[in-house]
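Visitor: Sequence and predicted structure below; questions after.
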Amino acid sequence: MRMGRAAGVTDTGRRRLRNEDAFICEPPLFAVADGMGGARAGEIAARLAAAALEEAGSETRGAEGVEALIVEANRRIWERSLADPETAGMGTTVTAALVDAAQGNVAIGHVGDSRAYLLRNGVLEQLTTDHSLVAELVQSGVLTPEEAERHPQRSAITRALGTEPTVEVEVLTIAPEPGDLFLLCSDGLPTMVSDDEIAAALQAAERAPAAAAEALVARANARGGEDNVTVVLFELVEGETTEEEEQLEEVEPVEQDSGSDPGRGQTPEADTSEADVHRHGAGPGGRMAALLLVAAIVVIGALALFWGISR
Ligand code: CA
């Protein structure tokens, strides 16, 4: 088995002024990051995450390798946010996939609600579980998946990269089969386009990554394009990895931009007591609303229980 074609597309969408998403499409490494924070902070967080991941070398392999890359990205964003008051509180999601075609594994690490999907034999499967408020409410049976899709707090995430000094990365490893098509995307895709439509669009584009990525972004925009949308697609195909491709795996380290040099000034109000719910493109209001929702659910649950007992 070997890497086949790959493509990545990002778009600001129809409603947002800036694109706070970033992506990497550098076989064997692929990633999507969806930044959040005031002013340009979300953009900076997503770019810092991408830059840290791009430093992966040929020795970076498997689930441990992906996890180490994401932990390092977290450290850099966190330190930058301490050094630069304008970026305080910034964060980003990240979903990264590292392919080891020779060993036959695809390691995926993620934090937040950017997703990884796999199209195999015409069936689209969501590989990652969102670290989001609504995903947790679905898991605990409070919301149905359909209710979650329409929920006003659906973009509130419970885990983010760079908002705390440490991060818990969820990792999984897939044994790929020839013909597998992997999709990484920011939430701007699934909030606008259903999984069935995503699968249909991939098939309609005859699984060609570049055409399919364009088609998915166009579809999200046709539906309103309420958020930035990023799509990365890569396929695995029959055959041996050639020597040339092996060399491709030596990803050159990428210099961070000169503006990202962290100063050594006093740490501004680094708020480590922040609740672990973050919201893309929204301020503390969204966070507070998410917390109030959780509190309301707890209160309603307690009342229901009390009512049940007292009858
Ligand atoms: Ca987003």
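Guide: Done, it's in. Numbers count the residues shown, from 1 in each chain.
Visitor: Wait, residue 99 touches residue 106, no?
Guide: Yes: using C-beta atoms under 8 Å, residue 99 makes contact with residue 106 at a distance of 5.1 Å. (C-beta placed from N, C-alpha, C; glycine too.)
Visitor: Tell me how many other residues surround residue 191.
Guide: For residue 191, the count of nearby residues is 18 (other C-beta atoms under 10 Å).
Visitor: what do you get for residue 218?
Guide: If we define neighbours as other C-beta under 10 Å, then residue 218 has 15 of them.
Visitor: contacting residues around it?
Guide: For residue 218, the contact set (C-beta atoms under 8 Å, 6 or more residues apart in numbering) is empty.
Visitor: From residue 193, how far off is it?
Guide: Going from residue 218 to residue 193 by C-beta to C-beta, to the nearest Å gives 10 Å.
Visitor: that older thread, tell me, what's touching residue 99 and residue 106 both at once?
Guide: 176, 236.
Visitor: List the single closest residue to residue 65 in space, sequence neighbours excluded.
Guide: Spatial nearest neighbour of residue 65, excluding adjacent residues (C-beta to C-beta, 6 or more residues apart in numbering): residue 98 at 6.0 Å.
Visitor: The closest residue to the ion within the stretch 1-150 of the chain bridge partners, please.
Guide: Minimum separation of the stretch 1-150 of the chain from the ion (C-beta to the ion) falls at residue 34, amounting to 4.3 Å. Beta-bridge partners recorded for residue 34 (DSSP bridges): residue 21.
Visitor: Distance check, the residue nearest the centre of the chain against residue 32.
Guide: Most central in the chain under C-alpha atoms, centre = their mean is residue 114, positioned 2.7 Å from the mean C-alpha point. Remark: distance between residue 114 and residue 32 (C-beta to C-beta) = 5 Å.
Visitor: Common neighbours of these two, please.
Guide: 93, 94, 95, 184, 185, 186, 230.
Visitor: Run a quick neighbour tally on the first one.
Guide: The reference is to residue 93. 30.
Visitor: Which helix or which strand is home to residue 117?
Guide: Here residue 117 is covered by strand 115-120, with elements defined by DSSP states H and E.
Visitor: In terms of secondary structure, what does that strand contact?
Guide: strand 94-100, strand 123-126, strand 181-185, helix 195-204 (3 or more C-beta pairs under 8 Å, 6 or more residues apart in numbering; DSSP states H and E).
Visitor: now what about the shortest one, what contacts it?
Guide: Read that as strand 123-126. 115, 116, 117, 118, 119, 183, 195, 196, 198, 199, 202.
Visitor: Using CSV, write down the CA coordinates of it.
Guide: The C-alpha trace of strand 123-126 is given here as CSV (Å, rounded to 0.1, in the frame of the first residue of the first chain):
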residue,chain,number,x,y,z
VAL,A,123,-19.5,4.0,3.4
LEU,A,124,-18.5,7.2,5.3
GLU,A,125,-17.5,6.8,8.9
GLN,A,126,-16.7,9.5,11.4
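Visitor: follow-up on the earlier one: got the contacts of strand 123-126 as CSV, with neighbour count columns?
Guide: Below are these laid out as CSV (neighbours: other C-beta atoms under 10 Å):
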residue, neighbour count
115, 22
116, 24
117, 21
118, 18
119, 21
183, 27
195, 14
196, 9
198, 24
199, 17
202, 24
